[in-house]
Every structure is written in structure tokens, then in C-alpha cells.
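Peer 1: Provided below for reference: sequence and predicted model.
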Number of protein chains: 2
Amino acid sequence: MKVGIIGAGSIGLLFASYISRVFEVAIYTRTAKQAQEINKNGIILRKGEEEKVTMVKAQPFSLWQGTEDVTIIAVKQYQLPSIIEKINLLSVMPDHFLFLQNGMGHLKLLEEIGANHLYVGSIEHGALKENSYTVSHNGNGVTNVAVFKGDTITLQQFSSAFTREFPMSFQEDFYPMLEKKLIVNAVINPLTALLQVKNGVLIANPFYYQAVRNIFAEISFILNLEQSDEYLQLVIDICKNTADNRSSMLKDMEANRLTEVDAILGYLLDEARRQEKQAPQISNLYHFIKGNELEREEVL
Amino acid sequence: MKVGIIGAGSIGLLFASYISRVFEVAIYTRTAKQAQEINKNGIILRKGEEEKVTMVKAQPFSLWQGTEDVTIIAVKQYQLPSIIEKINLLSVMPDHFLFLQNGMGHLKLLEEIGANHLYVGSIEHGALKENSYTVSHNGNGVTNVAVFKGDTITLQQFSSAFTREFPMSFQEDFYPMLEKKLIVNAVINPLTALLQVKNGVLIANPFYYQAVRNIFAEISFILNLEQSDEYLQLVIDICKNTADNRSSMLKDMEANRLTEVDAILGYLLDEARRQEKQAPQISNLYHFIKGNELEREEVL
């Protein structure tokens, strides 16, 4: 099986490194410069004290033809529209895509793609891109994958090829899989970014914890959660287990990058609007983060 | 008329300097050291290029006897309970008090005071304490005063003694006078502190401006405002006119001091509770600011 990976950020590099131990991988970068650097140095994967170099064929995305058997889309949600435009312009439509975006804002974009088999994934790994060809694998986790549209066979074959080293877990239903991560991200990411604190502070500080509970209640109302308490406990557990971590949105804000707020809170606001529900808390958080993006000089 | 001023922060020093041009003033400080410094150096008032030194009698508050004709309470709302305790322990209760606290959280505390005449004020001046005996008068404004309980005569006499140099405006009704400032403070202070921006950014940034409008709507609902649009326009005008200013709450946060969030948002939450209204936005802002106070090392 040949695997194409579009996007060479922390997740693209992480997946390229691990997947190339099992399948033949081609990675597609935004700039020609990054492709050159990966072709020259390989992808360096750091994990604890260990360092592993893997030679992976890299090309700028502009040269992508979609000839691999499975194409993994590892870009941010806000970069997806331009990728989908390119997909739909290909002379031969690839058969299998796996989308790894956070949140659920990308689901409506997937409807526009003419391919037969669309898969989605939810990543629990912690990864940090150190330079254009080096990624640090900080947090071990699972990649959950599920069918969004089409057959399960190829996804099952693909996911079962991985071992405990980089586990992939096949899920029957994509919706609860993505929803679970969305809830966690929707509570932890905007609050840690806004308040500029590590994950653990959200539950250690009783005032912040009260805000966490209030905001969670609004999310639960929007998503019509049935086992609301279990999801709140999941949020609390993740704050505890990652107490010393800075969330991806806080890091994006500190590094002057765009955040994934549209994919996460934007999706919840769309859902609230669709159901004609009030969402005053999510609306404020959304505007605070979007306003902050606007105040900063964008470097992306 | 003899005037006592309790509290020698920016407002206490500002009032002591101007009032001593008209009446005999004694100022009461928290520490003996500050009283010594004021007695030695006088109070220095800076305004633009000018500097004026006024000799004012200063004593630590522990020596206060309440012998002046009018006593001005110029401490923060959160310092009020200990002041009121001392007032109620005096052997002879002073007759006239003027309270200059922000917000409306202090009104319920005034009920506890046994004095006959209680006045409240709302200050539009901008003042910055530069050191223990120096205050900079940055923004010209009016001091609005009104009767909370008792007769109007002394307050009218007192307020009419001041000229355009330091105008006092007698108001018929204390409630709208304080409410107006509360609304402005409740929108501008917590948001600028949370988002760490100057006042003008709240209306220049369209995302922040949307949050301003949403939060204002909740305040308007809690306070049952009838001329809601006029008050929103007032908030917008003040953001424009003070575009380059940092709000007092932002400055408190940056200087690691307690904020006046209880006097401002705490009052609104009490009002919402009393009327059994939901206030999810004000509640979140309140918890964000209180949580931030808790995260900082308190120096007061």
C-alpha cells in the first residue's frame, strides 16, 4: 500500500515517520524548501532520549497527483478549503482519503469531495514540530479512525497494519468519536488560551473550574449530550493527566499562529444556530479568540 | 467646614489636594509611614506641566476620631467592611459621610452605618498615584454627588463650594448616577483586563465589539434598562474618548493588586440572583477575573 501525506506540520511529520515503517510514504509540503530539507535530512523523530531518522520522499504539494492508495490530509481545518479545491481538480480522483482535522467544522467540507471513500481520524498523540524535518513525540496515544463515507475494508486493512508502537483503533461510528474530542477541545483550548494557563489550572483554580462547568453545560445543551456527567469527567481527567501541558490553542496564540477556533467553537455556534439555541458563553469565547487573532500580526 | 478624608490612594490624595483649597482637610492613611511622608512633603499634585504642593495634616487611620464635619471615604469597596466596623465603634458618631466607591456593591454595606447623613459620589476624574504623597491628575472630570440617606443641605453646601477647577455636581437621585457608571465599568473594565487591551480596542476590533454588545445586552437585562440604546452609546463614546487609556481593572491586574470586580460584576450577579435571572456571560467574566486574582501572588 502506498500512502500519501498532505501537510508536514507536527502531525504530518509524526505520521510520515511511523507509517513509513509499515508502508511506502510520500509527504507533500507547502513549500519547496521544506521538501528539499526533508529529502536531504530525512524526518527526525525524537522520543524521550531516542532519535530515529527515516528517509521519506518529499515533494511540494503543488506537484501532488493523488496516485497513492490512501491519502492522509494532515493540515489544519482552516487550510482545508484550498486542499479540497485541488483534490476536485485532479484528472483522476484518488479512492481513499483519511482526514485528521480537529473539531467537527471540516465535516461539512467533506461533502464537497467526489472521492468514494472518506475516512476521519481523531488523534490523541502529543507532537511538537521542532524544525522543518524534526518532530518530537511527547505524548503517546491512539489514533482513532472511522468511516465517514464509503467502505470499511481499506480502512480496516490500513489500521490493522499498525502495532502498539503507533496504534490505530478502528471505530464503528465516526460521530461520537469526533464529538468526544470536540467537547474536550472546546472546553480546554479556548479557556487555556484566553486565561493563558496550563491545562491543570482550569480545575485547580476554583473560579476557573466554575467557568469550566458553566461552559461545559452550554456545550452539553448544544450537542444534546445524554451522558453529560461522563463527558464532564473526561474533561476533568484530561486536565489532570495533562496538567503541565499548554494546549494547542494556547501555543498557537503564543506562537502568533491562527488557532483552530473556527473548527471547534465555530462548529458549536453553527449547531446552536441550526437548532435555534442560545449560546452566549461559546459566542463570547469565540469572539475573544477571534479578536485576539486579529490583534496579533499574522505570520501563519 | 472641616473635611476628613479616609484613604490616601490616588482618589484620596487628589481630593485632599483640591478640597484643601476650599476647606480645612485632614487625611487618614493606612500606614503611619505614609502619614509621615505626607506631613513632611505635603501632597504634590501634578497636572500637565504644573506641579502644586499643598500641606495637609495626615494621620494614620488608627488615630481617626471622626471629628470632622464631613468625612469622605476614599478606599476601595473591598476595604469598606473594616472601615465601617471602625465607624460603628466611635464614641461619637460623625454626622456626614461621603462614599466614593466604584460600582454599587457598597450600597448594601451603607445600611449598617448608624450615621444620619450618608452621601455617595461618582468620580469621572482620571488620577494616578505616583508615590505615597504624589498624585497625577490625568483626566479632568466632574464629581457627581447625591444623598443616599438623610438631608441634602450639607451636601449642597459642600458641593457648591467648589469651582470649575474641581467641579462637584449635585444630583437629585443617587441610583441612576451610580448605575450609569456601573454599566460603563461593568463592560469596559473586565473585558480590557481579560483581553489585556486599551479601552479603544474594544470597539475598534469587530470581534471584541460583538462581545461588548452581547455583554451589554445581558447587563441591560439584569438592570431592566429602559433607554438601553443610550447607555450602549455611552459605553461606545467612553471607549472612543479614552481609547488610549488602560482601565483601572487592567492596571490593577498588571500591578498585581486586587480588582474591584466584586463591587462591579459581583453586584450584577447579586441582582440577577435576586430577580432569578440567568447571567451566564457576567458569571463567566466574574470567574475569569476572580480566578486571575487567585493565580497572582497578592500584594494589595
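Peer 2: That came in fine, so what should we check first?
Peer 1: for the residue nearest to residue A:205 when sequence neighbours are not counted, report the pLDDT, please.
Peer 2: Leaving aside its sequence neighbours, residue A:205 sits nearest to residue B:291 (C-beta to C-beta, 6 or more residues apart in numbering or on different chains; 4.8 Å). For the C-beta atoms, the positions are set from N, CA and C on the backbone; glycine is no exception. Residue B:291 is assigned a predicted lDDT (pLDDT) of 97.
Peer 1: roughly how far does the closest residue to residue A:51 other than its chain neighbours sit from residue A:139?
Peer 2: Computed as C-beta to C-beta, 6+ apart, the closest residue to residue A:51 that is not its neighbour in sequence is residue A:44, at 6.1 Å. In this view, residue A:44 and residue A:139 are 18 Å apart by C-beta to C-beta, to the nearest Å.
Peer 1: between these two, which is the more surrounded one?
Peer 2: residue A:44 (18 against 13; other C-beta atoms under 10 Å in any protein chain shown).
Peer 1: tell me the secondary structure at the more buried one.
Peer 2: Secondary structure, DSSP: H, G, I helix; E, B strand; the rest coil: residue A:44 is strand.
Peer 1: the longest helix anywhere in chain A vs helix B:174-195, what angle?
Peer 2: The longest helix of chain A (DSSP state H) is helix A:174-195. Helix A:174-195 and helix B:174-195 meet at an angle of 110 degrees, taking axes from the mean of the first three to the mean of the last three C-alpha atoms, to 10 degrees as the criterion.
Peer 1: for the stretch 101-250 of chain A, which segments count as helices?
Peer 2: A:107-110, A:153-160, A:174-195, A:201-204, A:206-223, A:228-241, A:248-254 (DSSP state H, counting those that start in this stretch).
Peer 1: which stretch among these comes nearest residue B:214?
Peer 2: Nearest of those to residue B:214, taken as C-beta to C-beta: helix A:206-223 at 13.5 Å.
Peer 1: the closest one: how far from the chain's middle?
Peer 2: 23 Å (C-alpha atoms, centre = their mean, to the nearest Å).
Peer 1: residues near the nearest residue to residue A:157 once chain neighbours are set aside, how many?
Peer 2: Excluding the flanking residues, the one nearest residue A:157 by C-beta to C-beta, 6+ apart is residue A:1, at 7.5 Å. Applying other C-beta under 10 Å, we find 14 other residues in the vicinity of residue A:1.
Peer 1: residue A:1 contacts residue A:23, doesn't it?
Peer 2: Yes. Using C-beta atoms under 8 Å, residue A:1 is in contact with residue A:23, at 4.8 Å.
Peer 1: joint contacts of those two?
Peer 2: Shared contacts of residue A:1 and residue A:23, defined by C-beta atoms under 8 Å, 6 or more residues apart in numbering or on different chains, comprise residue A:161.
Peer 1: any idea how far residue A:295 lies from residue A:214?
Peer 2: 25 Å.
Peer 1: list the residues that contact the closest residue to chain B within the stretch 51-200 of chain A.
Peer 2: Closest to chain B within the stretch 51-200 of chain A is residue A:195: 6.5 Å, counting by C-beta to the nearest C-beta. Residues counted as contacts of residue A:195 (C-beta under 8 Å, 6+ apart) are A:201, A:202, A:208, B:288, B:291, B:292.
Peer 1: report the contact partners of residue A:5.
Peer 2: With C-beta under 8 Å, 6+ apart, residue A:5 has these contacts: A:12, A:15, A:16, A:19, A:25, A:26, A:27, A:28, A:71, A:72, A:74.
Peer 1: likewise residue A:201?
Peer 2: Counted by C-beta under 8 Å, 6+ apart, residue A:201 has contacts A:192, A:195, A:208, B:295.
Peer 1: report the two of these separated the most.
Peer 2: Largest pairwise distance in these, by C-beta to C-beta, is 12.4 Å, between A:192 and B:295.
Peer 1: of those two, which one has the most company?
Peer 2: residue A:192 (25 against 15).
Peer 1: surely the more buried one is in contact with residue A:246?
Peer 2: Yes. Assessed by C-beta under 8 Å, residue A:192 is found in contact with residue A:246 at 7.0 Å.
Peer 1: any shared contact partners between these two?
Peer 2: Joint contacts of residue A:192 and residue A:246 (C-beta under 8 Å, 6+ apart) are A:198, A:199.
Peer 1: burial count for residue A:187?
Peer 2: 26.
Peer 1: ok, it - contacts?
Peer 2: Taking C-beta under 8 Å, 6+ apart as the test, what residue A:187 contacts is A:202, A:212, A:215, A:216, A:219, A:235.
Peer 1: can you rerun that using 7 Å?
Peer 2: A:212, A:215, A:216, A:219, A:235 (C-beta atoms under 7 Å, 6 or more residues apart in numbering or on different chains).
Peer 1: nearest to chain B, of the residues you listed?
Peer 2: After measuring the contacts of residue A:187 against chain B - C-beta to the nearest C-beta - the closest member comes out as residue A:215, at 7.2 Å.
Peer 1: was I right about that closest one contacting residue A:281?
Peer 2: Yes. Applying C-beta atoms under 7 Å as the test, residue A:215 and residue A:281 come out as touching, 5.2 Å apart.
Peer 1: look up which helix or strand the residue nearest to residue A:205 falls in, please.
Peer 2: Per DSSP states H and E: residue B:291 is located in helix B:280-295.
Peer 1: who does the residue nearest to residue A:51 bridge with?
Peer 2: residue A:53, residue A:134 (DSSP bridges).
Peer 1: give the contact list for it.
Peer 2: Residue A:44 neighbours (C-beta under 7 Å, 6+ apart): A:51, A:53, A:133, A:134.
Peer 1: burial count for residue A:169?
Peer 2: Counted with other C-beta under 10 Å, residue A:169 comes out at 15.
Peer 1: residue contacts, it?
Peer 2: A:142, A:144.
Peer 1: need the per-residue pLDDT for it.
Peer 2: So, for residue A:169, pLDDT stands at 96.
Peer 1: can you list the domains in chain A?
Peer 2: A:2-172, A:177-295 (automatic domain parsing).
Peer 1: in CSV: those, plus distance to residue B:147.
Peer 2: Output for the domains of chain A, formatted as CSV (distance: least, C-beta to C-beta, whole Å):
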stretch, distance to residue B:147
domain A:2-172, 56
domain A:177-295, 37
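Peer 1: pretty sure residue A:173 sits against residue A:148.
Peer 2: No. Assessed by C-beta under 7 Å, residue A:173 is found out of contact with residue A:148, at 10.5 Å.
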